[in-house]
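**Q** The sequence and its predicted three-dimensional model are supplied below.
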Amino acid sequence: TMSTEQYSKGLAGVFVAESAICTVGVKGVGLNYRGYDIKELAAQSTFEEVAYLMIYGRLPTEQELVAYIRTLSSLRQLPGALCDVLERIPSSAHPMDVLRTGCSLLGTLEPESKTNDQYQIANRLIALFGSMLLYWYHWTTSGKRIQTTTHQDDSTARNFLKLLRLDGQEPPALHVKVVDVSLILYAEHDLAASSFCARVTTSTLTDFYSGICSAIGTLRGPLHGGANEAAMKLLEQFNNPQDAETGIMKMLSNKELIMGFGHRVYRNGDPRNPIIKEWSKKLSQEEGGDPNLFAVSERVEQVVFREKKMFPNLDFYSASAYNQVGIPTLFFTPVFVISRTTGWAAHIIEQRANNKLIRPSAIYTGPDSRPYIPLKDRK
Ligand code: SDX
């Protein structure tokens with residue numbers, strides 16, 4: 001029997017799974033993916049190495065990595081039926097809804113089966129999300145049907161920036177690097193709401209696509225992945241650091257949430273924040289960067305810390321970093337999807353390997369039992 005003493009609103013502090021994928025804030029600090037420190041991965045790895053680590057459970061050899069990059073590249077071509085549907089989605093749609101829809105449609109075109117297994121689908125989705133987004137984007141903004149594969153050796157980050165700009169130019173190395181690092185940082189974070197949701201869905205023994213669709217819908221909200229978009233919208237309101245100081249003080253006194261701050265698990269800072277902040281700063285110091293946007297961001301960070309002792313999470317400086325590499329604000333959370341699909345896949349695979357239906361209980365607060373009133377007697 002359940003005891004109400006076990007009740008924890010929002011499942012805060014409750015352990016609901018065993019997982020070998022990552023450690024978030026053990027002793028309040030740090031982040032490891034399968035034992036590897038995120039700082040080392042961000043400094044030395046590429047996103048494709050991390051994706052491989054997530055999906056196959058170990059880092060690839062040099063040869064495996066080259067092959068994996070080519071595999072992803074070969075999977076970027078959209079099926080015709082998916083292009084048709086993307087062309088019907090209005091330009092006013094939120095890009096997260098485009099990915100959720102695209103994922104669901106792909107589940108009808110390439111359903112999970114013995115010959116199309118969870119590993120293949122994971123790779124297909126990682127490769128296709130950027131294609132879906134940018135095909136829809138160019139079609140709805142300029143009526144262009146784009147070719148969604150670029151060079152076979154292009155990384156996910158380079159491919160994304162090339163398809164975004166479509167000017168035939170090689171994107172600046174610094175931009176490719178920043179997007180690549182951010183994809184590494186976003187890849188996995190144990191039972192974040194979206195990954196938990198993917199596990200809940202998977203625990204009914206449903207198909208792989210259903211797990212990912214659930215996760216995308218969960219990531220979309222501003223308390224989770226939608227925070228990077230919301231943080232940018234916040235920063236855009238301020239013309240300079242003084243403006244930011246005044247604006248944030250007003251928001252705090254109105255008890256408004258400052259998007260991109262706080263975290264359920266970390267108490268003393270998000271270990272991903274200093275990494276993305278450094279890259280955002282570097283962008284701001286290069287030609288084409290936005291030093292004012294970085295200065296505004298830093299002032300927001302200082303004021304929120306001074307007033308509330310709260311720190312930025314990964315989403316906060318991701319906003320200024322993405323903005324400076326020219327990614328439209330509405331695409332910030334979709335980029336998170338491309339990356340986190342690797343973590344979601346790892347959770348789905350792990351859940352299936354040791355499954356138990358996830359089905360908790362609620363504390364009933366409704367009316368006591370009462371007599372049924374026949375329809376004709378109701379007033
Ligand atoms: C991500 O879970 C993950 O790991 C997620 C993630 C990942 O990689 O998957 O790290 C990615 O989703 C990052 C989080 C993005 N969300 C935001 O930035 C939105 C703003 N942040 C908050 O709403 C909040 O901090 C959460 C949602 C992140 C955490 O919520 P909790 O754990 O439920 O904490 P809470 O809302 O109960 O906050 C505790 C107190 C409250 O005040 P009191 O009621 O106790 O007086 O702190 C206050 C909150 O109001 N607070 C904030 C705040 N965050 C918390 N006040 C102002 N601005 C904020 N951002």
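**A** Everything's here; your move.
**Q** ok, now which ones touch the closest residue to the ligand within the chain?
**A** Distances between the chain and the ligand by C-beta to the nearest ligand atom are smallest at residue 262, namely 2.3 Å. For the C-beta atoms, the positions are set from N, CA and C on the backbone; glycine is no exception. Counting by C-beta atoms under 8 Å, 6 or more residues apart in numbering, residue 262 touches 310-311, 313.
**Q** Which one (most neighbours) among the residues you listed?
**A** Most neighbours among these, by other C-beta atoms under 10 Å: residue 313, with 24 neighbours.
**Q** So for the closest residue to that residue other than its chain neighbours, what's the pLDDT?
**A** Nearest residue to residue 313 in three dimensions, chain neighbours excluded: residue 270, at 4.5 Å (C-beta to C-beta, 6 or more residues apart in numbering). pLDDT recorded at residue 270 is 96.
**Q** now do residue 231
**A** pLDDT for residue 231: 98.
**Q** likewise residue 5?
**A** 73.
**Q** if I look at it, how far off is residue 41?
**A** 40 Å (C-beta to C-beta, to the nearest Å).
**Q** between those two, who's got more neighbours?
**A** Taking neighbours as other C-beta under 10 Å, residue 5 and residue 41 compare with residue 41 leading, 24 against 6.
**Q** And the more buried one, how close does it get to residue 228?
**A** Distance from residue 41 to residue 228, by C-beta to C-beta: 20 Å.
**Q** again, but for residue 297
**A** 12 Å.
**Q** shared neighbours of these two, which are they?
**A** residue 319.
**Q** Look at these two and report which has more neighbours.
**A** For residue 297 versus residue 228, neighbours defined as other C-beta under 10 Å are more numerous around residue 297 (30 against 27).
**Q** Backbone dihedrals for that one, please?
**A** As for residue 297, its main-chain torsions (degrees, to the nearest 10) stand at phi -60, psi -50.
**Q** same question, residue 37
**A** With angles defined as degrees, to the nearest 10, residue 37 sits at phi -70, psi 130.
**Q** likewise residue 52?
**A** When read as degrees, to the nearest 10, the backbone of residue 52 gives phi -60, psi -40.
**Q** Please identify the nearest residue in space to it, excluding sequence neighbours.
**A** Counting by C-beta to C-beta, 6+ apart, residue 60 is the residue found nearest to residue 52 once chain neighbours are left out, at 4.4 Å.
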